[in-house]
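This is a predicted model, with the sequence first.
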Amino acid sequence: MKDKNSQNGLQTVLVMVLAFIAGFIIMAIELLGGRILAPYFGSSIYVWGSIITVFMLSLSIGYLCGGKLSLHNPNLKIYGTFFATSAVFLLPLVFWSNQIMEFVFLQIEDPRYGSLVVSMLLFFLPTAIMGMIAPYSVRLMVESTHGSGHVAGKLYFISTLGSALGTLATSFYLVLWFEVNQILVTMVASLVLAGAAAIITGTRQSTSAA
Amino acid sequence: MNKAPTVFSRFKWHVIAVVVTAVLISTVDAFAQVGVRYIHQERSLYRNIVVTEDSTRRCMRFTITSRSGQNQSCRFLDRPVELVFPYAKMTLSSLLVQDEPKRMLIVGLGGGTLPDTYSRLFPDTEIVISEIDDAVFRVAREYFGFEETDKIKVDVGDARVYIKRAGLRGEKFDLVILDAFNGEYIPEHLMTVEFLEEVKKLLPDDGMVVANTFSTSRLYAAESNTYRAVFGEIYNIRQAGTGNRVIVASMQPLPDRATLQSRAPAFKARLEQFGMDVTEYPQYMNTQVTWDTGQRILTDQYSPANLLNN
């Protein structure tokens, strides 16, 4: 019984830390999105409109899917694969964003729809997967603690705090110190590490349970 | 239940004092420049646009308060042809480096001073202006007498996008003037190596780019290195008493200062109407590297322009 409790405590802390990291990275990438798109579509208001639209849309779909997935056998291993998968889906942004933007730039004359299509291509998949993390986190924490309303509140607090700090850190300091791609690669690496931590912890849990 | 009113009554005098002080400060600010009238104010998609007028001149600026604000464009009421700003005259003096543009691109319309000046000098020259803000275009027409003609055309949109597309279409401009400001400084994506490479694609073999920048900022060295990385040697035009620095870069090797001096007299009479003696300008023009060449150049990947600026 005691063992089970400490295991749950560890899981709660881990989920909160990872939710914080996900929140941080989502907003850091959204903010860098403006930078990434500017050379092809300018820094006009509609470029931000496109980016924010796509982030909100992909997050909303991610929430829906994450919530649905959390119904069946929620565990840290699946949770960890969300992080790893979003890292993989971020790779085109790191390595092929110029080629993708160039292609769309040549196809679509109107920079409003050009920036919207590019935002969909570059940001939709990774952000949707990262959106799945929040509801799944709630489910994992509800499993280990009681009272879902309180848990959801705590989780939103920690992930949105992560988002606030991700926005601040990126816009105030990171762009001053690093190149856009250096920041992105660090984010990808963090997601991989976060995913690995979750998967390893999850594997240990299932072996000790068995 | 009564908590809120009690708190308010206790702090009422503080609140009133703060409000009165705020009103006083803003009034003092408004009268700081004696006789300045606010003719027009609007909030566009990108900024505030304020048009002011005093007894001698009418100005456009992008910030509300006059203390923090610098004017983007000004005209003398009784001598509309004469240039008010030293930077505009410095820009014009670049004609000593390369003369007679047949087709030119100006990034940033402001009050339309530069297009008006160049079209007065070269009536047959085709001038394209890239301006992001439709409201600036309208204010220039309504308050600064700017108008499109069959030679002068305005493209409303982001200059980076315009220049990229113009390059793809194979268009050429033998003079490109970069004068885009957003009220704070030059937008970041309009001062990177990649952007300047795109500008360079628009220049024919004898093309020239002239950029208006600030001389007092941490960006000075980074900016200079960025221009040199793309164009090689550049002319800096700097004049005491102004915070502006005009960069001149050319596809041709730059003529030396003695050559500029020998060219100046021929221009003197033509440029006098703009309130300048162009023979004075070669002394302000310099190719010497006087800045830290170790400062990192600005790229699309690294352009914390406005963060470095202060």
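Looks like it arrived, so ask away.

and whichever residue of chain A sits closest to chain B, what does it touch?
Closest residue of chain A to chain B, CB to the nearest CB: residue A:42 (2.5 Å). Glycine gets a C-beta too; all of them are placed from N, C-alpha and C. Residues near residue A:42 by CB atoms under 8 Å, 6 or more residues apart in numbering or on different chains: A:111, B:132, B:157, B:158, B:159, B:160, B:161, B:189.

Out of the residues you listed, flag the one nearest to residue A:53.
residue A:111 (14.5 Å; CB to CB).

Any figure for the gap between the residue lying closest to that closest one once chain neighbours are set aside and residue A:183?
Excluding its sequence neighbours, the residue lying closest to residue A:111 (CB to CB, 6 or more residues apart in numbering or on different chains) is residue A:41, at 4.6 Å. Distance, residue A:41 to residue A:183, by CB to CB, to the nearest Å: 20 Å.

Between these two, which is the more surrounded one?
Taking other CB atoms under 10 Å in any protein chain shown, residue A:41 and residue A:183 do not tie; residue A:41 has more neighbours (31 against 22).

Can you tell me the SS state at residue B:209?
What DSSP: H, G, I helix; E, B strand; the rest coil gives for residue B:209 is strand.

Residues in contact with stretch B:257-271: which ones?
With CB under 8 Å, 6+ apart, stretch B:257-271 has contacts from B:92, B:95-97, B:99, B:121, B:255, B:277-279, B:281-282, B:285-286.

circling back: what residue, apart from its backbone neighbours, is nearest the residue of chain A closest to chain B spatially?
Nearest one to residue A:42, counting by CB to CB, 6+ apart, is residue B:158 at 2.5 Å.

What backbone torsions are found at the one you found?
Note on residue B:158: its backbone torsions stand at phi -70, psi 130 [degrees, to the nearest 10].

would a markdown table of the contacts of residue A:42 with secondary structure be doable?
Formatted as a markdown table, the contacts of residue A:42 follow (three-state DSSP):
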| residue | secondary structure |
| --- | --- |
| A:111 | helix |
| B:132 | coil |
| B:157 | coil |
| B:158 | coil |
| B:159 | helix |
| B:160 | helix |
| B:161 | helix |
| B:189 | helix |
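
Closest one of the residues you listed to residue A:11?
Using CB to CB, the contacts of residue A:42 come closest to residue A:11 at residue B:189, 44.4 Å.

Now do the contacts for the closest one.
A:38, A:39, A:42, A:43, B:160, B:195, B:300, B:303.

how near is it to residue B:223?
In terms of CB to CB, residue B:189 sits 14 Å off from residue B:223.

Near chain B, which residues of chain A are found?
Chain A comes close to chain B at residues A:35, A:38-45, A:105-106, A:111, A:172, A:175-176, A:178-181, as judged by CB under 8 Å from any CB of the partner chain.

buried subset of those?
Listed as buried from these are A:35, A:38-44, A:105, A:111, A:175, A:178-181; burial here means 16 or more other CB atoms under 10 Å in any protein chain shown.

count of neighbours near residue B:100?
Neighbour number of residue B:100 under other CB under 10 Å is 12.

quick one: residue B:96 and residue B:280 touch, right?
No - using CB atoms under 8 Å, residue B:96 makes no contact with residue B:280, being 11.3 Å away.

Have a look at the two and say which one is more surrounded.
residue B:96 (26 against 13).

residues contacting the residue in the stretch 51-200 of chain B positioned nearest to chain A?
Residue of the stretch 51-200 of chain B nearest chain A, by CB to the nearest CB: residue B:158 (2.5 Å). The neighbours of residue B:158, taking CB under 8 Å, 6+ apart as the test, are A:41, A:42, A:43, A:44, A:111, B:130, B:132.

Which of those fall in strands?
Residues from those lying in strands, with DSSP state E as the criterion: residue B:130.

Adding distance to residue B:181, write the contacts of residue B:158 out as TSV.
Formatted as TSV, the contacts of residue B:158 follow (distance: CB to CB, whole Å):
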residue	distance to residue B:181
A:41	20
A:42	15
A:43	14
A:44	16
A:111	21
B:130	13
B:132	11
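
Which two of the contacts of residue B:158 have the greatest separation?
Maximum distance among those (CB to CB): 14.6 Å, for A:41 and B:130.

Could you single out the nearest of the contacts of residue A:42 to residue A:14?
Distance to residue A:14 across those (CB to CB) is lowest for residue B:189, with 39.9 Å.

what about the residue most central in space within chain A, which helix or strand?
Centroid check for chain A by CA atoms, centre = their mean gives residue A:130 as the closest residue, at 3.2 Å. For residue A:130, the element it lies in under DSSP states H and E is helix A:111-144.

now that helix: how far from the chain's centre is it?
Between the centre of helix A:111-144 and the centre of its chain there are 6 Å (CA atoms, centre = their mean, to the nearest Å).

Tell me which other helices or strands that helix touches.
Helices and strands touching helix A:111-144, by 3 or more CB pairs under 8 Å, 6 or more residues apart in numbering or on different chains; DSSP states H and E, are helix A:2-41, helix A:45-69, helix A:76-95, helix A:97-107, helix A:148-169.

Please point out which parts of it sit buried.
For helix A:111-144, burial by neighbour count (16+ other CB under 10 Å) applies to A:111, A:114-142, A:144.

Report the contact partners of the residue nearest to residue A:111.
Per CB under 8 Å, 6+ apart, neighbours of residue A:41: A:47, A:50, A:101, A:105, A:111, A:114, A:115, A:118, B:158, B:161.

how about the strands in the stretch 101-250 of chain B?
B:103-107, B:126-131, B:152-156, B:175-178, B:208-214, B:235-238, B:244-250 (DSSP state E, counting those that start in this stretch).

can you redo the ones you listed as TSV with distance to chain A, mean neighbour count and mean pLDDT?
Shown next, in TSV, are the strands of the stretch 101-250 of chain B (distance: least, CB to the nearest CB, whole Å; neighbours: other CB atoms under 10 Å in any protein chain shown; pLDDT from 0 to 100):
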stretch	distance to chain A	mean neighbour count	mean pLDDT
strand B:103-107	12	24	97
strand B:126-131	10	22	97
strand B:152-156	10	17	97
strand B:175-178	15	25	97
strand B:208-214	18	24	94
strand B:235-238	26	22	95
strand B:244-250	20	23	95
